[in-house]
Every structure is written in C-alpha cells, then in structure tokens.
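> I need the structure of the sequence given here:
(one chain, ligands or ions: 2)
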Amino acid sequence: MDGMTFILFGATGDLAKRKIFPAIYNLFLDEKLPRAFAVFGTGRRDMSDEDFRAHVEQSVKTFSRRWEDDRDRAGQFLSMFHYCAMDVTQPQDYGKLAQRIRQHEQEGKIPENRIYSLSVAPELFGVIASNISASELGSATGWKRLIIEKPFGHDLQSARDLNRSLRQFFDEEEIFRIDHYLGKPMVQNLEVLEFANPILRTLWNNQHIANVQITASETVGVEERAGYYDKAGAIRDMFQNHLLQLLMMTAMQMPRQFSAREIRNEKIKVLKALRPLRQEDVAAHVVRGQYGKGWINGKPAAAYRDEPGVDRASNTDTFVAARLWIDNAFWSGVPFYIRTGKRMREKSTRIVIEFKNPLRDAYPVRHEKPAPNLLVIHVNPYEGVSFQLNSKHPGKHSRIEPITMEFAANANDVPEAYELLLYDALRGDSTFFAHWEEVELCWKWVQPILDAFSDQRVPLHMYEAGTQGPETAFRLLEEDGFSWWELNRHAEEGTLGVRREALSVSGI
Ligand SMILES: NC(=O)C1=CN([C@@H]2O[C@H](COP(=O)(O)OP(=O)(O)OC[C@H]3O[C@@H](n4cnc5c(N)ncnc54)[C@H](OP(=O)(O)O)[C@@H]3O)[C@@H](O)[C@H]2O)C=CC1
Ligand SMILES: O=C1O[C@H](COP(=O)(O)O)[C@@H](O)[C@H](O)[C@H]1O
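Ligands and ions are numbered 1, 2, ... in the order given. Purely as a prediction, here's the structure:
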C-alpha cells in the first residue's frame, strides 16, 4: 500500500474513542497499515499532540481487545498521531491543518494521498466536504477518499440533498459510506456460505426455502442518544440501513465476478425487485412498537417515554417488524420477515432460513412430525452457523428429534467491523460500503413507511421491556402459517440452536 494520511474529523468524540482508534491499533498490530501512515485528528477543543496521544492510548487500552503493555510498541503506534484544533465550519481553519499535513508529508517524503474520515454530526458532512475542497487540502497531488458515518440523510429527499452536496467535491468511487453491519465478519461470510457451498447454492431459492427471518434485537434502550433517536426511531436507525443491507446480502444471486461493482449490481437487483409498499398497505405488512416499562436481566427497565431526553408523548418506534416480498424468479412467494427492536429479551442478530418441509405429513401417525430444516447465521454476539436437521431418537422407536450441526467462530480471533472496514478503505476496496444507489433505493422503499408513521396510519403497539416485541409481530407470521425462531436457552453456553418463539414472555 502507498503511504497516506488519515485525517479524522471528530477525533475527540465517542465513535473515535470506542471504535476508530482501537481499529487502527489492531491494524497496526497485524502490520496492515502502510509503511508511511499518520493520523491527524481534529476537534474544537485545544490539545497538544501529547495530550491527544494520551487520549488515544487511553481509548485503545479501554476498548481494544488486544492492548499489549509494551512501551516500545505503544510508543511506535502513538507517534503516528497528531492533533490540530479547528472549527470545521470556519474555512480559514483548514489552511492551518493543510500546512501541518503538508509539512509532515514533505519531511517523510509521503505521497499526498489522503483519507478524510468524518466522525462528526451529519449536519457537518456537507460543510466539511466543501471546505476541504475550497482549501489548500483540495489541491493535493495524490488520491483522496471520504469516509462517512451514518445516518446518511433523514429521509429520501434529505439523503438526495446530502449526496448532491458531497458529489460536488468527491466522486462516488471516492466516497465510503460506513454501514458497520457490512463489516461484521459473519455478514462478510454470507457470500461465501451461499456461493462457495454447492449444497447451499442449490437450495438457495423459492423451490426449497419457505421463509427468511432477519432479527436484530437489543436489550439496551435508547441510552444517552435520545436527542438523535427520538427523531429517528428504529425504522431509520436500523431498518433503512443495516437490516436492508442484511436482506440484500442474503437474497442476492451469485455475481459474475467477486468485485465490488458486480456484488453491488446483484444487491441492487434485489432492491429493485422489492415489492413497493403503498402507504395504505403499510399497516398490513409493518408492525410498529414502542417499549413500555419491564424487566431486563432481572433489573427494572423504564418505559421509553420515561427515558431522559425523550418526549413524554413520543410516538417514536423502538421496534419495527415487516414482511417483504422480492418479486423475482428466485424469491417470488417467499416472505422475508425483518424485525429490530430495543429493550427486547436478548441481544441477537441472526438470519434464519427456514426450508420447506414437504415430508412433514409423510410419516405414519404414530411418529412425531419432522421439524423444518433451518439454517441459522448467527451474526452477533455469537458468530457462527448452525444447521438444524432431523434424526431418529436412538431409544424411542417413533421419536424424530431435531439435531443441530454447528460451527462457532472463536470469539478471540474475530476482528471488529471497523477494523475490516477501515482496512478496506485504506486499500480502496468499497465492496462492504454502501453505494449511493443502494442508499437511495433503501430510502425509496422505506419512504411510504415513514409517511405512514408520521400520519399515524400505523398503530403504535406498546410492548413490555424484556419481551420479544408486540403481539402483532407474531400475528404477522401466523397469518402465513409460520412463527419466529428464537435462540435456544443454551446459547450462552455455546449451543447455537433455535426454537419456535413463544409469545412475549418477559425476561424477568
Ligand atoms: N458513537 C457511536 O457509537 C456512533 C456514531 N455514529 C456517527 O458518528 C458520528 C460521530 O458520532 P459521535 O462520536 O458519537 O459524536 P460525539 O458528539 O461524541 O463527537 C462529535 C465530534 O465532533 C467534533 N465537533 C463537533 N462540532 C465541531 C466543529 N464545529 N468543529 C470541529 N469539530 C467539531 C467534536 O469535537 P469537540 O467536542 O472537541 O468540539 C467531537 O470530536 C455521527 O455522525 C454519528 O451519527 C455512527 C454509529 C455509531
Ligand atoms: O447503528 C446502530 O447499531 C447499534 C447496534 O449495533 P450492534 O453492532 O451492537 O448490533 C444500535 O444500538 C444503534 O442504535 C444503531 O445506531
């Protein structure tokens, strides 16, 4: 890799501390950084380079799973970090930053290749891109890339406006929109599972698959982010981006080549085949929920409306479940059920593929019915794959019981999403970043839901904190003769199976 400079706007913020510095540190330990690599952090507060390095060290000690107490190594790592206080809204401040970067590049004979990473509030994305371009930074002789955090817009129109303003200064190929779900190792593994296993490839279609369920449930509530979340809700925070990305990665067909462009084309085909929702149909296919008070892991949890910073009369969705149809030759007739929520019973992101069960009634009456085969991709926090098959009980003649074959990744060896994504951005590989066309199509599909929610056309169902969401989300599947599959009780002990989910039992 060529030498380069990583310019981090928002280097004193929460994301930098928890994700970005630890990721850079892990890449450093793995010798994946270019030989000539420097980070210039910026923020409004005053800090010397030494203060900044102490801040980076503290962040890495706290948040990297691999901190090594080796002073030489730590010194070598920290010497890459520099700090420049500035206000990003002030064009004159960019000259100071540009001078420091240029001096560093000249002293080290480093090419003027620059990555601008925007870890600041989204309102500042456009102004930073414009000021970079208008300042001395804009006349660098090397390549440039822009890393953007979420949220990318608040709805279809604002996303288009933001994209238009960024595209005045950066080409699409230069923009790397982070969706950290695309950096999760099991999500990156999806294309291998689907396409490198002829057995699965043969089965990956509507002839064999009965339904697909994608769940991202969290036990945490709104935490300290009410200011942002109360305006966003689960539909913007998780559904429009992370969950639709999981849907695309699951439903896409094998690309002609495993290049960023071809993979993106296949993902886009899925979005284009998604059956559009008319506003008047939203209530029939989308369930909207908000958590009330309840219990999480034996501790009382406040209702969403009682959380600090939340409007007492808020109608914001903290839970969304939806039924989607992909109208193409591969998936026609297969419902995709997607749900996400805060303050649910368990933290789990998983994709469950339920296979058709044509032999269910082929066994004589005295036998138990075989359960459907299930393939479960456990994305988070367990990372692995399990396959549920049927087997005959050795002792009981007529007993058919489900058995699970599983593969679980060794948690210590699994890199974090930001590590994989930053490494890709350094190499200029955009496969696991959200392309504008994907982002726009996702907003387009979601927009009628946003409109129906804001017009109060979809009832807001309250659910008790610590449960699996409102009852209506169970009905959504029951209408089609299915039920949600949940992690089995022994998941913490390493068993990755699933079982049919019972209706809203709280986690008391
Ligand atoms: N935190 C998280 O877990 C996640 C965050 N994100 C996204 O990442 C981005 C950053 O979030 P987060 O780190 O939580 O935010 P914080 O509020 O913690 O940090 C904001 C950063 O922006 C800097 N900043 C604010 N205004 C200016 C200004 N006018 N000039 C220069 N610097 C400024 C602050 O510096 P200073 O205080 O020194 O002025 C600070 O470093 C947001 O887009 C967020 O949506 C996305 C996913 C998860
Ligand atoms: O982007 C977000 O993701 C987190 C959940 O991420 P995970 O990696 O822990 O599954 C969510 O809590 C947050 O609200 C959202 O902004």
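> interface residues of the stretch 51-200 of the chain facing ligand 1?
On the criterion CB under 6 Å from any ligand atom, ligand 1 has as its neighbours in the stretch 51-200 of the chain the residues 86-89, 119-122, 149-150. For glycine as for every other residue, the C-beta is placed from the backbone atoms N, C-alpha and C.
> among these, which are in helices?
Restricting those to those inside helices, with DSSP state H as the criterion, leaves an empty set.
> ok, for the residue in the chain that ligand 1 sits nearest to, nearest residue in space, not its chain neighbours?
Among the residues of the chain, Gly13 lies nearest to ligand 1; the distance is 2.3 Å by CB to the nearest ligand atom. On the basis of CB to CB, 6 or more residues apart in numbering, the spatially nearest residue to Gly13 that is not a chain neighbour turns out to be Ser119, at 5.7 Å.
> circling back to that earlier point, what sits against the residue of the chain closest to ligand 1?
Counting by CB atoms under 8 Å, 6 or more residues apart in numbering, Gly13 touches 43, 119-120.
> for the residues you listed, which one is nearest ligand 2?
Closest approach between those and ligand 2, by CB to the nearest ligand atom: Ser119, at 13.5 Å.
> doesn't Leu8 make contact with the closest one?
Yes - contact criterion CB atoms under 8 Å: Ser119 and Leu8 qualify, at 6.2 Å.
> those two: which has the busier surroundings?
Just comparing Ser119 and Leu8: by other CB atoms under 10 Å the higher neighbour count belongs to Leu8, 26 against 23.
> list the buried residues in stretch 261-269.
Applying a neighbour-count criterion of 16 or more other CB atoms under 10 Å, the buried positions in stretch 261-269 are 263-269.
> filter these by proximity to ligand 2?
Applying CB under 6 Å from any ligand atom, the subset of these adjacent to ligand 2 is empty.
> and which of those residues is nearest to Asn390?
Top of the list for closeness to Asn390, among the buried residues of stretch 261-269 and by CB to CB, is Glu266 at 32.7 Å.
> tell me the contacts of the closest one?
252-255.
> how does it look with 7 Å?
When the contact criterion is CB atoms under 7 Å, 6 or more residues apart in numbering, the partners of Glu266 are 252-253, 255.
> where along the stretch 401-508 of the chain do the strands fall?
If you assign secondary structure with DSSP state E, counting those that start in this stretch, the strands in the stretch 401-508 of the chain sit at 460-464, 485-487, 498-500.
> among the contacts of Glu266, who's most crowded?
Met252 (22 neighbours).
> that one reaches Lys272, doesn't it?
No - because the distance of 11.6 Å does not satisfy CB atoms under 7 Å, Met252 is recorded as not touching Lys272.
> what's the weakest-modelled helix or strand in this structure?
Least confident helix or strand of the chain, by mean pLDDT, DSSP states H and E, is strand 498-500 with a mean of 78.
> mind listing residues that contact that one?
Residues from elsewhere that reach strand 498-500, judged by CB under 7 Å, 6+ apart: 352, 374, 376, 483, 485-488.
> residue ranges with poor pLDDT in the protein?
By pLDDT under 70, the low-scoring segments of the chain are 364-367, 396-397, 410-413, 489-496, 503-508.
> and the residue of it that's closest to ligand 2?
Evaluated by CB to the nearest ligand atom, the chain has Asp237 as its residue closest to ligand 2, separated by 4.7 Å.
> and that residue, that one's in a strand?
No - assignment of Asp237 by DSSP: H, G, I helix; E, B strand; the rest coil gives helix, placing it outside any strand.
> who does whichever helix or strand Val376 is part of touch, helix- and strand-wise?
Taking DSSP states H and E as the criterion, Val376 maps to strand 374-380. Other helices and strands packing on strand 374-380, by 3 or more CB pairs under 7 Å, 6 or more residues apart in numbering; DSSP states H and E, are helix 185-188, strand 348-355, strand 384-392.
> including mean neighbour count and distance to Trp331, could the ones you listed go into TSV?
Formatted as TSV, the entries for those read as follows, by neighbours: other CB atoms under 10 Å; distance: least, CB to CB, whole Å:
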stretch	mean neighbour count	distance to Trp331
helix 185-188	20	19
strand 348-355	22	12
strand 384-392	17	21
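> nearest to Cys442, out of the ones you listed?
Distance to Cys442, taken as CB to CB, is lowest for helix 185-188 among those, at 15.7 Å.
> what packs against the closest one?
In terms of contacts (3+ CB pairs under 7 Å, 6+ apart), helix 185-188 is packed against strand 374-380.
> then the strand it packs on to PDB, C-alphas only?
What follows is strand 374-380, C-alpha atoms only, in PDB (Å, rounded to 0.1, in the frame of the first residue of the first chain):
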ATOM      1  CA  LEU A 374     -33.200 -24.500   9.500                       C
ATOM      2  CA  LEU A 375     -30.000 -22.700   8.600                       C
ATOM      3  CA  VAL A 376     -29.100 -20.100  11.100                       C
ATOM      4  CA  ILE A 377     -26.500 -17.500  10.500                       C
ATOM      5  CA  HIS A 378     -25.600 -16.000  13.900                       C
ATOM      6  CA  VAL A 379     -24.200 -12.600  13.200                       C
ATOM      7  CA  ASN A 380     -23.800 -11.100  16.700                       C
END
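> contact partners of the longest helix along the chain?
Of all the elements of type helix in the chain, the one with the most residues (DSSP H) is helix 436-454. Helix 436-454 is contacted from outside by 152-153, 155-156, 159-160, 163, 172, 177, 235, 239-241, 244, 264, 267-268, 271-272, 274, 276-279, 282-283, 286, 288, 317, 458, using CB under 7 Å, 6+ apart.
> go on, stretch 124-141?
Outside stretch 124-141, the residues within contact range by CB under 7 Å, 6+ apart are 9, 88-89, 91, 94-95, 97-98, 112, 114, 116, 118, 146, 148, 162, 165-166, 169-170.
> one more time with 8 Å
By CB under 8 Å, 6+ apart, the list of residues contacting stretch 124-141 from outside reads 9, 88-89, 91, 94-95, 97-99, 101-102, 111-114, 116, 118, 120, 146, 148, 162, 165-166, 168-170.
> stretch 59-77 too?
Residues outside stretch 59-77 that contact it (CB under 8 Å, 6+ apart): 16-19, 21-22, 25-26, 28-29, 57, 412, 416.
> what's the helix or strand for the closest residue to Leu324 other than its chain neighbours?
The spatially closest residue to Leu324, leaving aside those adjacent along the chain, is Phe336, at 4.5 Å (CB to CB, 6+ apart). Counting by DSSP H and E, the secondary-structure element that holds Phe336 is strand 335-341.
> neighbours around Arg100, how many?
Each residue near Arg100 was counted by other CB under 10 Å, and the total is 15.
> so what does whichever strand or helix holds it touch, helix or strand wise?
With the criterion set as DSSP H and E, the secondary-structure element containing Arg100 is helix 93-108. For helix 93-108, the packing partners by 3 or more CB pairs under 8 Å, 6 or more residues apart in numbering; DSSP states H and E come out as strand 4-9, strand 37-43, strand 81-85, helix 125-134.
> adjacent strands (with direction) for the second one?
On the basis of DSSP bridges, the sheet neighbours of strand 37-43 come out as strand 4-9 (parallel), strand 81-85 (parallel).
> ok, then the element right after the first one?
Right, strand 4-9. Going down the chain from strand 4-9, the next helix or strand is helix 14-15, by DSSP H and E.
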